[in-house]
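Enquirer: Below are the sequence and a predicted model; questions follow.
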Amino acid sequence: MPVSLSTAASLYDRVRRVIPPIEWPAFTDDIDAILALKRQHNAVILAHNYQTPEIFHCVADIVGDSLALARKAMSVDADVILLAGVHFMAETAKLLNPGKTVLIPDLGAGCSLAESVTAEDVRLMRQRYPGVPVVTYVNTSAAVKAESDICCTSSNALQVVESLGAPRVIMLPDEYLARNIAAQTKIEIIAWKGHCEVHERFTPTDIRELREAHPGVTVLAHPECPPEVVAEADFAGSTAAMSDYVGRHKPARVVLMTECSMSDNVAVEHPEVDFVRPCNLCPHMKRITLANIRTALEQNRHIVTIDADVAGRARRAVERMLAI
Ligand code: 13P
Ligand code: SF4
């Protein structure tokens, strides 16, 4: 059943500040179809904060950062979970709700961090540092999680590291997240050499130039940014923490040192805040589109599967994190 004109109009009202009127007609057909397909297949769409506004605000049922999506995936009652995000997020949803069909619209939606480390690398690190616990960022494959003691996200990394009662921990694969956490704790952190290809491109000079061009601007950074960038920012936190910061402090002018769609999605909620927009696109997140979400629901693809032995061990590491 097509969305009624009034529903389409009210959806556009929501996103009119971030989607120009000339672009909107290109989306309505797919939005109509996706809303109908969700009802037909008893499906829900989980969307990460980096999804484009026509996905995030118009077809998603549940939105958030990696931690929120993992928590919410656990209690989804529908038959099908479609993950509008990258592959490790879909795997995490499958780990936590294995009875559901989990779909990802494009199998190529990867992550440079997840690519930077293998299960064999983790086994070698354990041999090199016997007895040192391994904390693995969720931005990894299930096979890597399966070799780990516990997972973390950018929301809870400090808490997870401090929960282990160990004087030193291995933290992988994000070198910058590890160094940003090391700056906040007495626990010794052994880092890996992975980087997020989006956040590693920001520099302290970018921030200084922004402050000169936009006096008084509040600068928020994701902890996947290099430590020198985090040091120049006014606040660093996960995508959800940055969004909360804007809601709580309502800065007159703000810049988010992160993926481009974040500013659009947060701007929809806070019309009174002026967003300065230098940002970097994540090519993996941008593989997800309304068109391939529609096809995924129509054709029940691509179904996420995880080897049972790997899944059992990976689930333990994720559940241990969620228990904190
Ligand atoms: P968050 O957990 O902060 O949403 O980050 C996920 C991610 O991929 C950031 O690049
Ligand atoms: Fe991975 Fe960076 Fe893209 Fe997040 S923004 S999915 S960490 S490449």
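Expert: Good, I have the coordinates. Ligands and ions are numbered 1, 2, ... in the order given.
Enquirer: Stretch 264-277: end-to-end distance?
Expert: 9 Å (CA to CA, to the nearest Å).
Enquirer: quick one: buried residues of that stretch?
Expert: The neighbour-count check on stretch 264-277 (16 or more other CB atoms under 10 Å) flags 264-268, 270, 273, 275-276 as buried. Where C-beta positions appear, they are placed from N, C-alpha and C, glycine not excepted.
Enquirer: Stretch 34-51 too?
Expert: Judged by neighbour count using 16+ other CB under 10 Å, the buried positions of stretch 34-51 are 34-35, 37-38, 41, 43-51.
Enquirer: Select, from the buried residues of stretch 264-277, the two members most distant in space.
Expert: V268 and V276 (16.5 Å; CB to CB).
Enquirer: wait, what's in contact with A157?
Expert: Counting by CB atoms under 8 Å, 6 or more residues apart in numbering, A157 touches 135, 137, 171, 177, 181, 223.
Enquirer: can you list those residues in CSV and add neighbour count, secondary structure and pLDDT?
Expert: Formatted as CSV, the contacts of A157 follow (neighbours: other CB atoms under 10 Å; DSSP: H, G, I helix; E, B strand; the rest coil; pLDDT from 0 to 100):
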residue, neighbour count, secondary structure, pLDDT
V135, 26, strand, 98
Y137, 30, strand, 98
M171, 26, strand, 98
L177, 31, helix, 98
I181, 25, helix, 98
P223, 26, coil, 98
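Enquirer: Just name the closest of these to ligand 1, please.
Expert: Nearest to ligand 1, judged by CB to the nearest ligand atom, of the contacts of A157 is P223 at 7.9 Å.
Enquirer: Hmm, N180 and the closest one touching each other?
Expert: Yes: using CB atoms under 8 Å, P223 is in contact with N180, at 4.6 Å.
Enquirer: Quick check: P226 vs ligand 1, distance?
Expert: Note on P226: its distance to ligand 1, by CB to the nearest ligand atom, to the nearest Å, is 14 Å.
Enquirer: Can you tell me the closest non-neighbouring residue to that residue?
Expert: Y176 (5.2 Å; CB to CB, 6 or more residues apart in numbering).
Enquirer: From the buried residues of stretch 264-277, pick the one nearest ligand 2.
Expert: For the buried residues of stretch 264-277, the nearest to ligand 2 is N265 (14.1 Å; CB to the nearest ligand atom).
Enquirer: residues contacting that closest one?
Expert: So N265 contacts 18, 49, 51, 53, 56-57, 63, 243 (CB under 8 Å, 6+ apart).
Enquirer: Can you tell me the element I170 falls in?
Expert: Using DSSP states H and E, I170 falls within strand 168-172.
Enquirer: Parallel or antiparallel, which strands does that strand pair with?
Expert: strand 134-137 (parallel), strand 188-191 (parallel) (DSSP bridges).
Enquirer: How about it and ligand 2, touching?
Expert: No: using CB under 6 Å from any ligand atom, strand 168-172 stays clear of ligand 2, coming no nearer than 13.4 Å.
Enquirer: Could you list the buried residues of that strand?
Expert: 169-172.
Enquirer: where does the stretch 1-150 of the chain have low pLDDT?
Expert: 1-9 (pLDDT under 70).
Enquirer: cutoff 90 now
Expert: 1-10 (pLDDT under 90).
Enquirer: can you map out the strands along the stretch 151-300 of the chain?
Expert: 168-172, 188-191, 218-221, 235-236, 253-257, 274-276 (DSSP state E, counting those that start in this stretch).
Enquirer: circling back: if we only consider the buried residues of strand 168-172, which is nearest to R128?
Expert: Nearest to R128 among these, with distances taken as CB to CB, is I170, at 9.0 Å.
Enquirer: Thought G131 was touching that closest one, still the case?
Expert: No: using CB under 8 Å as the test, I170 is too far from G131 to be in contact (10.6 Å).
Enquirer: so how far is R17 from E272?
Expert: Relative to R17, E272 is positioned 11 Å away (CB to CB, to the nearest Å).
Enquirer: So which of the strands paired with strand 168-172 is nearest ligand 2?
Expert: strand 134-137 (8.6 Å).
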